[in-house]
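Engineer: return atomic coordinates for the entry below.
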Amino acid sequence: MAAIKMTFSLPEALARRFVRLVPPRERSKYLAAALETTLNQRRQELIEACEAANADAEVAAIEQEMDALDDPLEGHWNDAPAR
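Structural biologist: Presented below is the predicted three-dimensional model:
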């Protein structure tokens, strides 16, 4: 797998713990695993939030109201003069 080098900042205390606890040749792998875990958790939280919103009757009613609105800008871009 291709790798991309990145530069970012960490709070000093966290950086010191990281350097102290994770051997130099394992740091990239360690950070990649931690980031993967955190991103997967965030993705799951977003999925659950979407599912909850989709199951909410009030949200469904608002969606129906929004779908019923006419788009006042629809079609206006087609007859705009060329620059």
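
Engineer: helices and strands around the longest helix along the chain, which ones?
Structural biologist: Assignment by DSSP state H gives helix 27-55 as the longest helix of the chain. When contacts are defined as 3 or more C-beta pairs under 8 Å, 6 or more residues apart in numbering; DSSP states H and E, helix 27-55 sits against none of the other helices and strands. Heads up, the C-betas are built off the backbone N, CA and C, glycines and all.

Engineer: after that helix, which helix or strand is next? Please name it.
Structural biologist: Per DSSP states H and E, the first helix or strand lying C-terminal to helix 27-55 is helix 57-68.

Engineer: in the longest helix of the chain, what's buried?
Structural biologist: Buried residues in helix 27-55, counting neighbours by 16 or more other C-beta atoms under 10 Å, are absent.

Engineer: now find how far off-centre that helix is within its chain.
Structural biologist: For helix 27-55, the separation from the chain centroid amounts to 9 Å (computed by C-alpha atoms, centre = their mean, to the nearest Å).

Engineer: quick check: pLDDT value at the residue nearest to Leu10 when sequence neighbours are not counted.
Structural biologist: The shortest distance from Leu10 to any residue that is not its chain neighbour, by C-beta to C-beta, 6 or more residues apart in numbering, is 7.0 Å, and that residue is Phe18. Here the pLDDT value assigned to Phe18 is 98.

Engineer: what's the answer for Gly75, then?
Structural biologist: Model confidence at Gly75 (pLDDT) stands at 63.

Engineer: again with Glu26
Structural biologist: Per the predicted model, pLDDT is 98 at Glu26.

Engineer: same deal with Pro72?
Structural biologist: 68.

Engineer: so what's Ala53 up against?
Structural biologist: Residues in contact with Ala53, defined by C-beta atoms under 8 Å, 6 or more residues apart in numbering, are Val59.
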